[in-house]
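# return atomic coordinates for the entry below.
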Amino acid sequence: QLQLVESGGGLVQPGGSLRLSCAASGFTLDYYAIGWFRQAPGKEREGVSCISRRGGVTNYADSVKGRFTITRDNAKNTAYLQMNSLKPEDTAVYYCAAERLSAWLQCRFSGMDNWGKGTLVTVSS
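Numbering: from 1, shown residues only. Predicted structure coming up:
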């Protein structure tokens with residue numbers, strides 16, 4: 001059974017850092033592009049970042065460019081989101097998602113169809 005499990009969320013002060021992990025089981029992550037999404041209270045879910053199958057292509061929302069970095073380790077079947085210089089407006093539930101793609105150099109928010117249950121990130125003093 002295909003499963004994605006996020007971890008690493010928590011409470012952090014503004015300006016701080018967190019690293020989120022997305023562990024895949026039941027499938028080989030190498031065949032999938034990975035995305036990170038977030039949903040803040042009262043807001044719609046938005047794409048934060050995505051990465052292609054071997055990491056050759058990454059995309060970021062404008063709101064996180066220069067602060068967040070997406071990576072993946074296919075040998076560990078895990079993807080990561082390093083979040084630096086966190087702001088209160090980054091507070092949200094963060095989800096990872098996956099899309100099986102034949103293309104090596106592609107990732108897109110719109111195609112993700114396998115989802116984890118999310119991890120809460122709270123940025124507050």
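# can you give me the strands for the chain?
With strands called from DSSP state E, the chain shows them at 3-7, 10-12, 18-25, 32-39, 46-51, 58-60, 68-73, 78-83, 92-100, 114-115, 119-123.
# the residue positioned nearest the centre of the chain bridge partners, please.
In the chain, the centroid-proximal residue (C-alpha atoms, centre = their mean) is W36; its distance is 2.4 Å. Beta bridges link W36 to S49, C96, judged by DSSP bridges.
# which residues touch it?
By C-beta atoms under 8 Å, 6 or more residues apart in numbering, the contact set of W36 is 20, 22, 47-50, 70, 79, 81, 94-97. No exception for glycine: its C-beta is placed from N, CA and C like everyone else's.
# re earlier: and the strands of the chain, which is most packed in?
Neighbour counts (mean count of other C-beta atoms under 10 Å) averaged over each of these peak at strand 32-39, with a mean of 24.
# tell me the angle it makes with strand 92-100.
If you take axes from the mean of the first three to the mean of the last three C-alpha atoms, to 10 degrees, strand 32-39 sits at 160 degrees to strand 92-100.
# let me see the mean pLDDT of strand 32-39.
Average pLDDT, strand 32-39: 98.
# please save the CA atoms from that strand in CSV.
Extracted C-alpha coordinates of strand 32-39, given in CSV (Å, rounded to 0.1, in the frame of the first residue of the first chain):
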residue,chain,number,x,y,z
TYR,A,32,7.7,9.9,-8.5
ALA,A,33,8.0,13.6,-8.5
ILE,A,34,7.4,15.0,-4.9
GLY,A,35,5.7,18.1,-3.8
TRP,A,36,5.2,19.9,-0.5
PHE,A,37,2.0,21.8,0.1
ARG,A,38,0.6,23.7,3.0
GLN,A,39,-2.8,24.8,4.3
